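Trainee: for reference, the sequence and a predicted model appear below.
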Amino acid sequence: MTTGDLWQYIGSERAALADTWESLRPEQWSAPSWCEGWTVQETAGHVLAAAEQTPVNFFKEFASAGFKFNVFAERGAQRYGALAPDELVRRLRARTSTRNHPPGPANAMLGEVVVHGDDMRRPLGLSHHTPEAALVVVADNWKKTNILIGSKKRIEGLRLAATDAPWTHGDGLEVSGPLQSLLLAMTGRKQVLSDLSGDGVSVLASRT
């Protein structure tokens, strides 16, 4: 997949997420997300912060946070999460065709919006179908990296097999299920373990 293709998927996922945000009621904005300690609105702020970020600004804010990523992320989520919902929607829509981003590859930005989209939708009982090609790109990226989310270590010694896409990875005890749920499990979201089956699920659960 080309870089241009990746950014098209990022733009479409952001547009879909903006549509979701536009439909939310006040009590849904204040509901807990799957990002521990963050409401849906604060998680939305985190997504917007990444969508508006630039490498230069990232390093300035990261240094200000004492080079502690959790502090950096928390500050961004709180600052942007304080914006009114309609402003969050407006500003995310403005980022459906731009390519600025923090340091890192475009496939990481795609993973950001896919996973955090579910962090907000699923606790509210909402669903969204991300295109298979986009999910495969994210899965192929995360299966080989431990940066920030530790996904490579979390799935070590397991065989992951999607039941709705031609995607598998690894050897060992099997964990099978929808690819989007496998992605969320790779990032440590224990809430999706009930979507998965196989002898390796208990092992994966112990690592979340």
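Mentor: Received it, and whenever you're ready, just let me know what you need.
Trainee: care to break the protein down by domain?
Mentor: 3-124, 134-206 (automatic domain parsing).
Trainee: can those go into CSV with extra columns for mean neighbour count and mean pLDDT?
Mentor: Quick note: C-beta positions are derived from backbone N, CA and C, even for glycine. Formatted as CSV, those follow (neighbours: other C-beta atoms under 10 Å; pLDDT from 0 to 100):
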stretch, mean neighbour count, mean pLDDT
domain 3-124, 18, 95
domain 134-206, 18, 96
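Trainee: and the contacts of the lengthiest helix in the chain?
Mentor: Ranked by residue count under DSSP state H, the longest helix found in the chain is helix 3-23. With contacts defined as C-beta atoms under 8 Å, 6 or more residues apart in numbering, helix 3-23 is touched by 44, 47, 51, 85, 88-89, 92-93, 95-97, 99, 106-107, 109-110, 113-114, 117, 120-121, 126, 128, 130-131, 133-134, 137.
Trainee: try it again with 7 Å
Mentor: 44, 51, 85, 88-89, 92-93, 95-97, 99, 106-107, 109-110, 113-114, 117, 121, 126, 128, 130-131, 134, 137 (C-beta atoms under 7 Å, 6 or more residues apart in numbering).
Trainee: what is the next helix or strand after that helix packed up against?
Mentor: Using DSSP states H and E, the next helix or strand after helix 3-23 towards the C-terminus is helix 26-29. Applying 3 or more C-beta pairs under 7 Å, 6 or more residues apart in numbering; DSSP states H and E, we find helix 26-29 packed against helix 40-52.
Trainee: what angle separates the helix it packs on from helix 3-23?
Mentor: 150 degrees (axes from the mean of the first three to the mean of the last three C-alpha atoms, to 10 degrees).
Trainee: let's see helix 40-52 as PDB, backbone CA atoms only.
Mentor: Output of helix 40-52 as PDB, limited to C-alpha atoms (Å, rounded to 0.1, in the frame of the first residue of the first chain):
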ATOM      1  CA  VAL A  40     -15.000   9.700  25.500                       C
ATOM      2  CA  GLN A  41     -14.400  13.400  25.200                       C
ATOM      3  CA  GLU A  42     -10.900  13.200  26.500                       C
ATOM      4  CA  THR A  43     -10.100  10.400  24.100                       C
ATOM      5  CA  ALA A  44     -11.500  12.500  21.300                       C
ATOM      6  CA  GLY A  45      -9.100  15.200  22.400                       C
ATOM      7  CA  HIS A  46      -6.200  12.800  22.200                       C
ATOM      8  CA  VAL A  47      -7.200  11.800  18.700                       C
ATOM      9  CA  LEU A  48      -7.500  15.500  17.600                       C
ATOM     10  CA  ALA A  49      -4.100  16.300  19.300                       C
ATOM     11  CA  ALA A  50      -2.400  13.700  17.200                       C
ATOM     12  CA  ALA A  51      -4.200  14.700  14.000                       C
ATOM     13  CA  GLU A  52      -3.000  18.300  14.400                       C
END
